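Participant: sharing a model that was predicted from the sequence below.
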Amino acid sequence: SSAAAVGEAPPEARKRRPARARARPGVGGRAMSMHTPEQWAHTATLNMTQAQQQQFRAMAQCDQSRRAHNDTVNTNLGMYDTLHRSMSQKVKNSYRMIEKLQKRAQSLEASIASSKNSMAMLEKALRAKDAPLQLCTWRLEQREKRPLREQVRDHVEVALEEEKATLMETQRRLCDAMKKTKGMLDALEESLHDVRQDIEHKMQALSVDEMCLRSTERSMHAVVEKTPPPSSHRSTPRSPGGSRTARHQVALAETSRNEVNRQQEAERLNRAALAREEAAKALREESARLASRCDQAACDSQEKSEKRMQERVQENQTMRRRLEFELRETQDKIEHTKSTMAHTRHHIKALEEPMDLTATCSSWRKQRAMKEHINDPVSTALQEHRMTVLAAHQDLVSHHQNEKSNLKDLNERRERLKEDLRDKTASLHIDLNCLTHEAIQLNGKNWAGLSKQKLTRAMKVDRGFVPGSVPVSAR
């Protein structure tokens with residue numbers, strides 16, 4: 001059938017033709033030629049027709065090959081382009097995420113530095129409470145040294161106890177704030193470590209992707225140089241089979257989800273770090289407010305204590321003035337009583353010998369010790385003797401005894417006034433000593449240092465005041 005299609009004679013015809021030719025008679029009984037002119041022309045025409053048909057098939061195959069070449073080149077270049085765009089996008093995404101994470105890392109570092117400054121501020125505020133607390137404790141200890149009669153629970157003691165409780169409460173709250181800040185620093189350090197680790201991983205992946213991208217570009221340029229794309233027209237790239245396209249779409253969707261998850265994970269890490277930064281900022285602001293409140297509370301409590309001590313000093317001074325006045329009055333009455341007793345003795349000595357004897361005995365009995373200076377049976381016997389001997393002397397002796405008793409009582413009251421005045425003076429000096437000292441730090445130690453300004457005011461209160469400076473703490 002193929003031979004008939006191209007104009008060739010069937011095999012049976014080719015076999016019959018020579019037989020007929022042999023049957024033709026020629027010159028001298030032999031055939032001069034094997035083919036007729038028609039056969040000769042037909043054979044040449046047939047050869048040319050077959051050649052033309054083969055040429056047509058060859059050209060068609062060449063066209064198909066050229067199209068296949070173009071399709072291959074275009075498909076290859078298209079895949080190169082797709083791969084290049086995918087890698088370029090991946091690199092851009094990596095750069096964007098790395099830049100964002102690096103900014104977050106820098107922000108975390110700044111937040112950590114700020115939190116460390118906040119921790120240092122809290123530690124400084126906590127140390128600042130040591131000296132006032134030690135001074136308050138020292139003042140309480142000093143006031144415990146007051147004389148027994150002066151150890152009363154006055155407003156000063158209550159204020160000092162309240163100041164001590166306030167300072168201890170501020171220290172507790174500052175310690176709690178330091179613990180929270182320490183925990184926040186650990187959380188920030190953890191976030192910074194996670195961010196840096198993620199940056200490191202992404203930098204390593206980025207270097208690999210960039211290396212692949214450069215290799216892809218070099219390979220693409222090499223392919224273009226070896227097999228340049230057709231300039232006349234571009235053929236549509238052949239698409240793979242249906243099953244392969246479906247698998248490719250599934251793989252593409254899965255890899256796209258992986259890339260989205262990667263970006264979402266970086267965003268989650270960034271947001272988590274941002275949330276911790278915001279929490280750290282809020283904690284720093286709260287710590288600053290707490291430190292300010294604690295400082296104000298400490299200052300207020302100390303001012304209250306010193307105000308109460310000043311009031312107590314004024315109250316003590318008023319009482320000391322009253323005691324001094326009563327002491328002067330008592331001394332005047334003692335002198336007056338002594339003068340009266342002298343007149344009474346003068347009148348008694350002017351009496352007769354029994355009275356002289358009685359007066360002599362009474363005078364000797366005055367020389368007894370103060371403890372033994374009592375009205376004993378001997379005094380009663382002498383009194384009865386005087387009443388018996390001379391009734392007239394009874395009134396004088398009675399007055400004289402009353403004068404002696406009054407003088408004794410006056411002396412006792414004077415001594416009690418003096419003791420009370422000494423005790424109140426000692427208590428005053430203790431309060432003044434507490435007032436004139438303030439909390440200072442010297443060579444890393446807390447001291448109750450003397451304030452010259454306060455000392456000047458204290459000397460105006462009592463010129464006999466001598467201040468003392470003692471260490472509060474050896475820490």
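Facilitator: Yep, that arrived.

Participant: wait, is Glu438 part of a helix?
Facilitator: No - assigned with DSSP: H, G, I helix; E, B strand; the rest coil, Glu438 falls outside any helix and is strand.

Participant: what's the burial count for it?
Facilitator: Glu438 is flanked by 17 other residues according to other Cβ atoms under 10 Å. Just so you know, the C-beta spots here come from the backbone N, C-alpha and C atoms, and that holds for glycine as well.

Participant: quick check: the gap between it and Arg172.
Facilitator: For Glu438, the distance to Arg172 equals 24 Å [Cβ to Cβ, to the nearest Å].

Participant: kindly report the same for Thr43.
Facilitator: From Thr43 to Arg172 the distance is 123 Å (Cβ to Cβ).

Participant: and for His42?
Facilitator: Taken as Cβ to Cβ, the span from His42 to Arg172 is 124 Å.

Participant: who has more neighbours, the two?
Facilitator: His42 (14 against 11).

Participant: Three-state assignment for that one, please.
Facilitator: Strictly by three-state DSSP, His42 counts as helix.

Participant: now for the helix or strand Gln102 falls within, which elements pack on it?
Facilitator: In the assignment (DSSP states H and E), Gln102 maps to helix 37-128. Under the contact definition 3 or more Cβ pairs under 8 Å, 6 or more residues apart in numbering; DSSP states H and E, helix 37-128 sits against helix 155-226, helix 242-349.

Participant: C-terminal to it, what's the next element?
Facilitator: Following helix 37-128 toward the C-terminus (DSSP H and E): helix 130-143.

Participant: and that next one with helix 242-349, angle?
Facilitator: Between helix 130-143 and helix 242-349, the angle comes out at 20 degrees (axes from the mean of the first three to the mean of the last three Cα atoms, to 10 degrees).

Participant: can you list the buried residues in helix 130-143?
Facilitator: By 16 or more other Cβ atoms under 10 Å, the buried positions in helix 130-143 come out as 130-140, 142-143.

Participant: same thing with stretch 333-353?
Facilitator: Lys333, Ile334, Thr337, Thr340, Met341, Thr344, Arg345, Ile348, Leu351.

Participant: Tyr400 and Gln331, how far apart?
Facilitator: No, residue 400 isn't Tyr; it's His. 21 Å.

Participant: higher neighbour count, these two?
Facilitator: With neighbours defined as other Cβ under 10 Å, His400 and Gln331 compare such that His400 has more, 19 against 14.

Participant: that one and Thr337, how far apart?
Facilitator: From His400 to Thr337 the distance is 11 Å (Cβ to Cβ).

Participant: next: Arg422.
Facilitator: 24 Å.

Participant: so is Arg153 in a helix, a strand, or just coil?
Facilitator: coil.

Participant: which residues touch the residue nearest to Val195 when sequence neighbours are not counted?
Facilitator: In space, and not counting its chain neighbours, Val195 is closest to Ala105: 4.9 Å by Cβ to Cβ, 6 or more residues apart in numbering. Ala105 is in contact with Leu192, Val195, Arg196, Ile199, counting by Cβ atoms under 8 Å, 6 or more residues apart in numbering.

Participant: against Met34, how distant is Ala105?
Facilitator: 99 Å.

Participant: now do Met203
Facilitator: Met203 is 88 Å from Met34, by Cβ to Cβ.

Participant: looking at the two, which is more packed in?
Facilitator: More crowded of Met203 and Met34, by other Cβ under 10 Å: Met203, with 14 against 11.

Participant: contacting residues around the nearest residue to that one once chain neighbours are set aside?
Facilitator: Computed as Cβ to Cβ, 6+ apart, the closest residue to Met203 that is not its neighbour in sequence is Ile98, at 6.4 Å. Residues in contact with Ile98 (Cβ under 8 Å, 6+ apart) are Ile199, Lys202, Met203, Leu206.

Participant: which of those sit farthest apart?
Facilitator: Ile199 and Leu206 (9.8 Å; Cβ to Cβ).

Participant: could you check the pLDDT of Ala3?
Facilitator: pLDDT recorded at Ala3 is 40.

Participant: again, but for Ser301
Facilitator: 93.
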